[in-house]
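K.L.:
generate coordinates for the sequence data below:
(chains A, B, C and D, ligands or ions: 4)
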Amino acid sequence: MTTLASAPPAAASVEPDSGSRVLTYSEAVREALAEAMTADERVFLLGEDIGVYGGAFGVTGDLYTRFGAERVRDTPISELGIVGAAVGAALAGMRPIVEIQFSDFTAQAMDQIVNQAAKIHYMLGGAANVPMVLRTPLGSGTGAAAQHSQSLEAWFAHVPGLKVVMPTTPADAKGLLLAAIDDPNPVIVLEHKLLYRTSGPVPEGAERVPLGTTALRRRGDDLTMVATGVMVSRCLEAAESLAEEGIEADVLDLRTLTPLDDTPVLTSVSRTGRALLVQEAPGHGGFMGEVAARIAGSDALYCLLAPVRRLCGLDVPIPYAPQLERACVPQVDGIVRAALELAGS
Amino acid sequence: MTTLASAPPAAASVEPDSGSRVLTYSEAVREALAEAMTADERVFLLGEDIGVYGGAFGVTGDLYTRFGAERVRDTPISELGIVGAAVGAALAGMRPIVEIQFSDFTAQAMDQIVNQAAKIHYMLGGAANVPMVLRTPLGSGTGAAAQHSQSLEAWFAHVPGLKVVMPTTPADAKGLLLAAIDDPNPVIVLEHKLLYRTSGPVPEGAERVPLGTTALRRRGDDLTMVATGVMVSRCLEAAESLAEEGIEADVLDLRTLTPLDDTPVLTSVSRTGRALLVQEAPGHGGFMGEVAARIAGSDALYCLLAPVRRLCGLDVPIPYAPQLERACVPQVDGIVRAALELAGS
Amino acid sequence: MAESSQDRLGDEAATARRTLQTMWEIRRFEEAVDDLFARGLMHGTMHLSIGQEASATGACAALRPGDAITSTHRGHGHCIAQGADLTRMMAELLAKETGYCRGRGGSMHIADVATGNLGANGIVAGGIPIAVGAALARKMRSEDSVVLSFFGDGAANEGAFHEAMNLAAIWRLPVVMVCENNRYGMSFSTEKAFAIAHISERAAAYGMPGVTVEGNDVEAVHAAVGEAVDRARAGDGPTLVEAETYRWKGHSKSDKNLYRTKEEIASWRDRDPIGRFEAVVLERGTLTDTDVAEIREAAKQAVRDAVREANAAPDADPADLVTGVFAGVPA
Amino acid sequence: MAESSQDRLGDEAATARRTLQTMWEIRRFEEAVDDLFARGLMHGTMHLSIGQEASATGACAALRPGDAITSTHRGHGHCIAQGADLTRMMAELLAKETGYCRGRGGSMHIADVATGNLGANGIVAGGIPIAVGAALARKMRSEDSVVLSFFGDGAANEGAFHEAMNLAAIWRLPVVMVCENNRYGMSFSTEKAFAIAHISERAAAYGMPGVTVEGNDVEAVHAAVGEAVDRARAGDGPTLVEAETYRWKGHSKSDKNLYRTKEEIASWRDRDPIGRFEAVVLERGTLTDTDVAEIREAAKQAVRDAVREANAAPDADPADLVTGVFAGVPA
Ligand SMILES: Cc1ncc(C[n+]2csc(CCOP(=O)(O)OP(=O)(O)O)c2C)c(N)n1
Ligand SMILES: Cc1ncc(C[n+]2csc(CCOP(=O)(O)OP(=O)(O)O)c2C)c(N)n1
Ligand SMILES: [Mg+2]
Ligand SMILES: [Mg+2]
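P.N.:
Ligands and ions are numbered 1, 2, ... in the order given. The predicted structure is shown next:
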């Protein structure tokens, strides 16, 4: 069973509870990286412009001055090479954390991610493992157009041997990343660009958020919203206004796609009978198809009062024009509309 | 509405109808390539060892001697470079057809496939297009282990701007490929290794099989089987033995994942009330999730008599040992078992 | 375009005028972009090539109609030098329906197929294999046109560069590889990114000629690229031309310039490629002070008009937002 | 392993014995594999290195315990030369639970972490960046061990080679790049795949030393690689060593040898690396005819035993078929 986890930025006007303070999502990531490097000298960072520049999105910030050029290692523009170097360093006992500036550029490194990192442990019959983390920002909303705005989480979720994490709150950005760094397997951590500047309470300590636990962000009996990435806060906003119309929604944040904790989803849908699955990525072949299939493949099916509704990004490359870009991915008003239709049906 | 399309190899002991003869799947692909090159001088092939060697799976065969080294162009081992060269040649008015020896190696070329070929037409506001075809064999069953046995169709289906084709019969191998070559967009044609040697009737002429039409391979009212690739013939075999037990199945062959023709699926499931979705790729995040979501998202939901059953490859890298490899992907007996459970429920 | 690679760009008045005006249009265009962005009238991110006008201008001056280029994320200069319409470029940056990409692409994806610009590219080194393919098409059709691929120093460490260079070499393709070495890939200096002195040394690894030129000398760039273009057109294969230059502005909007000194930037501002060419043509007497003043004014005016017209144009139209993904199958 | 790079492998009896026996074990092992495959007793596909025994043996002889290698799809020789157990190798190829990968990997994925073999690789050039990372780990821990990466001529045209070479060079990593140039990447000849005479010429593009050696002369390979290993161990960075050799057998099972002549194959069989070394040690009097006969017999016997023991072993166990995907999180 899931308990009500701390709400994400959008809804987080709350005072931090004792032992935690308000940090931005980037600060939370940075804090996790710093704590991991302090606790374990095998941990090091490599990536393009993560050093004195502080990272394309400023996430590594001052880590370069704090930990030096050896452990906060700037690299040439060679995604395949640096991910491969991380695989080799992991095999040799280190705990590399690679940053890829935009998740779109994981395309350059797919061989090392998919054919090497993901498979080595199994392919070698367990004789070796690849404890590495690949951090990369995904998503649209920055006006960077089609080659800098994709949400490719479904690719990684479909690769056996990879764990896939999508933190949506500063607390999770830290806690899930720490868990990913502990993990003896390759873990892909997909951070959302639009969340970097959002803030929320983050525990002081080195509390881990275990991989594979879906978080219930809001409680309601009329429908179930399942979301990932920035869509979680949009669903919470939508749920707020729905509440004003007397419609109460469960809002579930998957947090990790692999391993996927689908029990809270199935339990919630069995209770509400209505499922609204919201993702930023294009719908066709997207991960919410997996979630819909889990629902349709379980006894929750018998509790459905309406067809499972997916609200996803349009099946288009993200355009540059702001109004077109917005029109391509679910916005709060669209979520509200879809929820009303669903609740009304 | 779909009509009963010609059955695939497994069930194809039929005499070829007039105007067609029996060819193997590879011969059908080769015939399509030859006809396209004869009809249009802009068409040319490039890939590793497609020349005098005849292709890693012997598909290009004697095309090198027939069309010469310029149009059947051997390349160095540079997947990213040759796919990029195909993109550039297509932009410059040619009709390149790239062969990638194993679909696993598309990982090397993902940037040119996904960030360039798929997006250029849209990103340029329609000012240019990329009429290219990428042919590559997928699937397990050859004892080639984890890096040579993947089924990555879901990756491509999730990329707006790509069309994705999976022929399962010699007739379709030719007809769909010809349609793909005609298409002004980048088309990924995923051929199954285990099908290359299978044979069936193939029309003499340059008959196209339009992209985006699901084929009904067998008719039955008790359940609906939806399959792709080599799973289509396995489903047909399974349907044979189910028939002996008095259970009749519709067997649908999606043929193209993008564009996806889901009407026959929804129509069939609405009639049978039972859906068995069979794919070789690992289940998690796989394309049958999309199919299940289409069913669960439509009114067909109200006709379901049982949860939608997905029978997929295990979520593991394909192992080398033959008995383990077989255990990782759906086999005929497993399909029969799943169908019996489903029909009985 | 298409000055013979023999003559210097600063010797003859018309050519000198065109060359200087192109460089000024690039400069003014990007200053206008910088300004619009700063005032919040332009969104997304921008990569400005201010300070690098000579490499774009000199290289494209060596091309003819029918030739093509592939460009980069820092591609405004290439696009203008190749003869693009300033208004349609500005309209694209302002996300207008009249823009080159109908507002779908923005700064990193401007293409102008008519003038042979196959497109900027948001992917570092993404355009190099594409240039190779466009050159392959020309060779297969036995055309005598060539393709020129612009890329940066940072791009030379991508696998795409390597694979494309080798394909160009073994197939002896009519392609010219122009590496604009502006000393940094974002914040990473060439001293750190390479263990060699000149990127042009890499040409030998593929069996092609390589040369390094003073990238802020538009005549030197034109001469070196012109020679390479002649070689390509003659069927003698590709060349790697490295143009040493410098970007005055930050890498993009998020750049705090922490990786370089004010002094370094200043020293390069003193090597202004435009001022340098003006001095040359004045000293040679090819142009007069009045000519130069007119050209500056004309460039400023052209950019002003472009901004005005672009602003007046309709915003990108969501009409075919979904249907525009695939080109229609011909009847 | 670990002969000093100064001494020649054929000068001292014990070393000569070990060297010759390693080469014979590779030869006999692969002949056995070829035979088992032909008789349908082994499935999948196999890439045999018969004819290339000297490069694997000479290179690994220059390594010490603590050093590591990355290997290729044609990796049996590297694995044996690095000291792997023949029975566990054969068991892997026969898909047995006692195999190096418990039957999960097969020929293209054999690894032996104990002897520092980080694994064969089914992906051409896939092991090169991994070797760079393993070398980076050693440098960061200031260990004095080195990593040696084997790859073929064809691999040198992959982007992975380029990016890895540059990383190794700019970080001055303790890695030795050993390119086994056997004249073909599958069917594509080096004459067609490269516009340069020697792949070692590519080293200069990264600012590292490069050398080409007679790959069928085990002493020459050992000397060249030994020098590179010493350089790496001394902290002076990477080297590219190209060993010119030839594969006698087809690329894999599907190869009809249409791309080369019988004469070419015959001419290389005359340059048998094993026969060559036998002649050397006999002529130098390091070993006697009886010694050589014993060694051949010992190798044959070792492989026979490996096949027998492997055959007797249990088949790969499906027990953790699904659960084996992820390594368990430590308590
Ligand atoms: C494959 C890829 N990796 C990283 C980036 C992010 N990025 C954009 S421009 C740039 C620097 C490029 O340097 P260079 O090639 O020298 O061109 P310059 O910006 O100096 O003109 C980087 C790292 C990208 N766009 N594509
Ligand atoms: C990335 C990738 N592309 C293509 C292949 C198919 N393939 C396997 S071995 C091989 C030839 C490799 O040539 P080379 O590197 O010279 O090694 P050799 O086989 O000669 O030992 C090819 C093309 C592959 N395994 N991986
Ligand atoms: Mg640069
Ligand atoms: Mg070779």
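K.L.:
and the residue in chain A positioned nearest to ligand 4, what is it in contact with?
P.N.:
Ligand 4 sits closest to residue A:111 of chain A, with a gap of 19.2 Å, by Cβ to the ion. From N, CA and C alone the C-beta is placed, and that goes for glycine too. Residues near residue A:111 by Cβ atoms under 8 Å, 6 or more residues apart in numbering or on different chains: A:80, B:105, B:107, B:108, D:123, D:126, D:160.
K.L.:
how far does stretch A:231-241 sit from its chain's centre?
P.N.:
Distance of stretch A:231-241 from its chain centroid, counting by Cα atoms, centre = their mean, to the nearest Å, is 17 Å.
K.L.:
what's the spacing between residue C:149 and residue C:228?
P.N.:
The gap separating residue C:149 from residue C:228 is 11 Å, by Cβ to Cβ, to the nearest Å.
K.L.:
what is the end-to-end distance of stretch A:158-165?
P.N.:
End-to-end distance for stretch A:158-165, by Cα to Cα, to the nearest Å: 13 Å.
K.L.:
other residues contacting it?
P.N.:
For stretch A:158-165, using Cβ under 8 Å, 6+ apart, the contacting residues are A:113-114, A:117-119, A:121-122, A:153, A:156-157, A:176-177, A:180, A:183, A:185-190, A:211, A:255-259, B:152, B:154-155, B:281-282, B:284-286, B:314-317, D:325-326.
K.L.:
how about the secondary structure of residue 44?
P.N.:
Going with chain A. strand (DSSP: H, G, I helix; E, B strand; the rest coil).
K.L.:
which residues in the chain form strands?
P.N.:
Let's take chain A. A:20-24, A:43-47, A:72-74, A:95-99, A:133-138, A:163-165, A:187-192, A:199-203, A:215-218, A:223-227, A:249-253, A:256-258, A:275-282, A:309-313 (DSSP state E).
K.L.:
that's the wrong chain, I wanted chain C
P.N.:
Under DSSP E, chain C gives strands at C:68-70, C:147-152, C:175-181, C:184-185, C:188-189, C:210-214, C:239-244.
K.L.:
what are the contacting residues of the fourth one?
P.N.:
Taking contacts as Cβ under 8 Å, 6+ apart, the residues outside strand C:184-185 that touch it are A:48, A:76-77, C:124, C:152-155, C:157, C:190, C:193, C:247, C:251, C:259-260.
K.L.:
what strands line up against it, and which way round?
P.N.:
Here strand C:184-185 has these sheet partners by DSSP bridges: strand C:188-189 (antiparallel).
K.L.:
quick one: is the strand it pairs with near ligand 3?
P.N.:
No: judged by Cβ under 5 Å from the ion, strand C:188-189 stays clear of ligand 3, getting no closer than 8.8 Å.
K.L.:
got the residues of the stretch 201-331 of chain C near ligand 1?
P.N.:
In this structure, the stretch 201-331 of chain C approaches ligand 1 at residues residue C:251, judged by Cβ under 6 Å from any ligand atom.
K.L.:
please disregard the earlier target; I meant chain A.
P.N.:
Counting by Cβ under 6 Å from any ligand atom, chain A sits next to ligand 1 at A:48, A:77, A:79, A:101, A:105, A:108.
K.L.:
the spatially most central residue of chain C: what's it in contact with?
P.N.:
Nearest to the mean C-alpha position of chain C, by Cα atoms, centre = their mean, lies residue C:78 at 2.5 Å. By Cβ under 8 Å, 6+ apart, the contact set of residue C:78 is C:56, C:59, C:60, C:69, C:71, C:72, C:117, C:120, C:150.
K.L.:
pLDDT score for the closest residue to the third one other than its chain neighbours?
P.N.:
Counting by Cβ to Cβ, 6 or more residues apart in numbering or on different chains, residue C:81 is the residue found nearest to residue C:60 once chain neighbours are left out, at 3.8 Å. Listed pLDDT for residue C:81 reads 98.
K.L.:
my read: residue C:81 touches residue C:56, true?
P.N.:
Yes: with contacts counted by Cβ atoms under 8 Å, residue C:81 reaches residue C:56, the gap being 4.4 Å.
K.L.:
common neighbours of these two, please.
P.N.:
residue C:26.
K.L.:
just the buried positions in stretch A:88-103, please.
P.N.:
A:88-92, A:94-103 (16 or more other Cβ atoms under 10 Å in any protein chain shown).
K.L.:
what sits against residue C:40?
P.N.:
Residue C:40 is in contact with no residue at all, counting by Cβ under 8 Å, 6+ apart.
K.L.:
relative to residue C:255, how far out is it?
P.N.:
18 Å.
K.L.:
thinking again about what came up before, what's the overlap in contacts for residue C:149 and residue C:228?
P.N.:
Counting by Cβ under 8 Å, 6+ apart, the contacts common to residue C:149 and residue C:228 are residue C:176.
K.L.:
more neighbours, the two?
P.N.:
Each of residue C:149 and residue C:228 has its neighbours counted (other Cβ atoms under 10 Å in any protein chain shown); residue C:149 has more, 32 against 29.
K.L.:
ranges for the helices of the chain?
P.N.:
Picking chain A for this. With helices called from DSSP state H, chain A shows them at A:25-39, A:63-71, A:79-91, A:106-110, A:120-123, A:153-157, A:170-182, A:231-244, A:263-272, A:287-296, A:322-328, A:332-344.
K.L.:
oops, I was thinking of chain C
P.N.:
C:13-38, C:53-60, C:76-81, C:86-93, C:127-140, C:159-170, C:190-193, C:218-233, C:262-269, C:273-283, C:289-312.
K.L.:
among the ones you listed, which comes closest to ligand 3?
P.N.:
Taking those one by one with Cβ to the ion, helix C:190-193 is closest: 7.7 Å.
K.L.:
across the sheet, point out what pairs with residue C:176.
P.N.:
Where residue C:176 sits in a bridge, its partners, by DSSP bridges, are residue C:148, residue C:239.
K.L.:
how close does it sit to residue B:81?
P.N.:
17 Å.
K.L.:
which non-adjacent residue is nearest residue A:318?
P.N.:
Nearest to residue A:318 is residue A:149, by Cβ to Cβ, 6+ apart, at 3.8 Å.
K.L.:
ditto for residue A:54
P.N.:
In space, residue A:54 is closest to residue A:61, 4.7 Å off (Cβ to Cβ, 6+ apart).
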